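Visitor: Sequence plus predicted model, see below.
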Amino acid sequence: MRCTIVPPHILDRVASAGDPELRDIARRTLVLSSGARTERRMFPAEAAAPNEDFVPNRTIADAGHREETPGKTVRTEGGPPTGDKSADNAYDWLGVTFDFYEAAYRRNSIDGAGLKLLSTVHYGKDYDNAFWDGSQMVYGDGDGRLFKDFTGPLDVSAHELTHGVTQYTANLEYYGQSGALNESLSDVFGSLVKQWHLKQTADQADWLIGEGLLADGVHGKALRSMKAPGTAYDDPNLGKDPQPGDMAHYVETYRDNGGVHINSGIPNHAFYLVATAIGGNAWEKAGKIWYETLTGGKLSSTADFKAFARATSATAARLYGDTAAETKAVKDGWSKVGVRI
Amino acid sequence: MKVRVVRSGGFAGIERHGESDSARDPVLAGLVDRVDLGALSPPGRIPDQYQYDIDIDGTSATVGESQLSGPLRELVHHVLNRPR
Ligand SMILES: [Zn+2]
């Protein structure tokens, strides 16, 4: 399912209908353009939530294929679509991710305090990457032969924004196991934003990261699989997905900051096991346990897998009780990937 | 001089390897003289940025993408375009 850009006249009608439920549906399921944002600011009393309605403040800039940030501003909050697919995708996916964090966890932007969101698109030539530079998102167009435009899949944007959330909370060091946890949290919430957007329960979700990013003809479905780490791609040009799904296959390496994109497969798979054991919408319980653990202020920035596993177990016990099915699911999930609590 | 470059990391986490010898690669020969691996600071560990491991005749260094500039940047891209 692709997102729909709602024509302004329909948004106007929805907004002026004054039906809070309809407005809520529009907000949570559709990618809203400027019109609705303006309406939300103008009629805060009609917001569905009892608390303040958070609104994003987005800026999209175009690097013009140079490796420089931020580039030339092409769209700001409330501005009309640019007609450039990359710029408009980046704008829409920032909005969906912002709305997810608000709706699921009552978080106001990356820092929890309404931080402005800035994305640079068309970074570099044939640039096969997207990253969070500590203060903004950066997206390449892909080379077209191996990778498509990195602004395409929603979970890529949500992954990068979550690096920002992690930076402002547990600030997990981007090296070794704490780095793999940092990566995994970006995959977990990247996938959850997509599931929330598509209204998928844990058993309906594909649990893939970067689905739709590989160019036509590449042998693979995505870049990572949380359901089955190591099976996302196997291609003559890309090689084979190197992710392990348990501690017995943990990869010791100094490359990639100590294998942060490789060993993230282990906590990724643990989350998948927990979410599917609990069932239902994964962002509601499993996601909540992970989110509260990340943002609760008790997690060390150098936490390893075991420390994180213990912390999620403690969070589950606090939220649902020591003997609750949710808490048992968390313990079982970590146990199955070989992390002893 | 034998030069090896490994690019790792990035959102995709897919490695790229390149290797060349300045004895048979005049472009590389012009670049190695202008690069001092000892003068580099440790990598910045920026989420999803590329990490480069560069080895010139046994002397090696690891740098982040944001540290690549001038002749080092040219050298890295030149060598990565010569897959091992
Ligand atoms: Zn990442």
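Guide: Cool, the structure landed. Numbers count the residues shown, from 1 in each chain, chains lettered A, B, ... in the order given.
Visitor: before we move on, which element is whichever residue of chain A sits closest to chain B in?
Guide: Closest residue of chain A to chain B, C-beta to the nearest C-beta: A:His261 (2.7 Å). In short, each C-beta sits where N, CA and C put it, glycine included. According to DSSP states H and E, A:His261 maps onto helix A:255-263.
Visitor: picking up where we left off before, name the nearest residue to the residue of chain A closest to chain B, ignoring sequence neighbours.
Guide: B:Gly13 (2.7 Å; C-beta to C-beta, 6 or more residues apart in numbering or on different chains).
Visitor: Go ahead and confirm the one you found touches A:Arg255.
Guide: No. Counting by C-beta atoms under 8 Å, B:Gly13 stays clear of A:Arg255, with 9.7 Å between them.
Visitor: before we move on, back to that, my read is that the residue of chain A closest to chain B contacts B:Glu15, right?
Guide: No. Using C-beta under 8 Å as the test, A:His261 is too far from B:Glu15 to be in contact (9.9 Å).
Visitor: So for those two, which sits in the more crowded spot?
Guide: Ranked by neighbour count (other C-beta atoms under 10 Å in any protein chain shown), A:His261 and B:Glu15 place A:His261 first, with 27 against 20.
Visitor: mean confidence for whichever helix or strand comes after the helix holding A:His261?
Guide: Reading on from helix A:255-263 to the C-terminus, the next helix or strand found by DSSP H and E is helix A:265-278. The average pLDDT for helix A:265-278 rounds to 98.
Visitor: Next, see if whatever helix or strand comes next after helix A:265-278 gets close to chain B.
Guide: Of the helices and strands lying after helix A:265-278 in sequence (DSSP H and E), the nearest is helix A:286-295. No. Using C-beta under 8 Å from any C-beta of the partner chain, helix A:286-295 never reaches chain B; the gap is at least 14.5 Å.
Visitor: Just list the residues touching the nearest residue to A:Asp84 once chain neighbours are set aside, thanks.
Guide: Leaving aside its sequence neighbours, A:Asp84 sits nearest to A:Val74 (C-beta to C-beta, 6+ apart; 6.7 Å). Neighbouring residues of A:Val74 by C-beta atoms under 8 Å, 6 or more residues apart in numbering or on different chains: A:60-62, A:82, A:84, A:87.
Visitor: Adding pLDDT and secondary structure, write those out as JSON lines.
Guide: Listed next are the contacts of A:Val74 as JSON lines, based on pLDDT from 0 to 100; DSSP: H, G, I helix; E, B strand; the rest coil:
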{"residue": "A:Ile60", "pLDDT": "98", "secondary structure": "strand"}
{"residue": "A:Ala61", "pLDDT": "98", "secondary structure": "strand"}
{"residue": "A:Asp62", "pLDDT": "98", "secondary structure": "strand"}
{"residue": "A:Thr82", "pLDDT": "98", "secondary structure": "coil"}
{"residue": "A:Asp84", "pLDDT": "98", "secondary structure": "coil"}
{"residue": "A:Ala87", "pLDDT": "98", "secondary structure": "helix"}
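Visitor: what about the closest residue in space to A:Tyr320 that isn't next to it in sequence, which helix or strand?
Guide: Using C-beta to C-beta, 6+ apart and skipping the chain neighbours, the partner closest in space to A:Tyr320 is A:Glu326 (4.1 Å). Taking DSSP H and E as the criterion, A:Glu326 maps to helix A:325-336.
Visitor: Next: A:Gln200.
Guide: Per DSSP H and E, there is no helix or strand for A:Gln200.
Visitor: Show me which residues of the stretch 201-341 of chain A are close to chain B?
Guide: A:210, A:223-224, A:238-239, A:242, A:254-257, A:260-262.
Visitor: Can you tell me how far the residue of chain B found nearest chain A is from A:Lys336?
Guide: Nearest residue of chain B to chain A (C-beta to the nearest C-beta) works out as B:Gly13 at 2.7 Å. B:Gly13 is 23 Å from A:Lys336, where distance means C-beta to C-beta, to the nearest Å.
Visitor: out of these two, which sits in the more crowded spot?
Guide: B:Gly13 (22 against 15).
Visitor: Would you mind measuring from that one to A:Leu117?
Guide: Distance from B:Gly13 to A:Leu117, by C-beta to C-beta: 25 Å.
Visitor: May I ask which of the residues of the stretch 201-341 of chain A next to chain B has the most neighbours?
Guide: Neighbour-wise, these (other C-beta under 10 Å) top out at A:Arg224, 33 neighbours.
Visitor: Under the pLDDT cut-off, which ranges of chain B? List them.
Guide: B:84 (pLDDT under 70).
Visitor: how about the residues of it near chain A?
Guide: Near chain A, when you scan chain B using C-beta under 8 Å from any C-beta, you find B:6, B:8-15, B:43, B:45-51, B:53, B:62, B:66.
Visitor: still on that earlier bit, what two of the residues of the stretch 201-341 of chain A next to chain B are the furthest from one another?
Guide: A:Gly210 and A:Tyr254 (24.5 Å; C-beta to C-beta).
Visitor: Okay then, goodbye and thanks.
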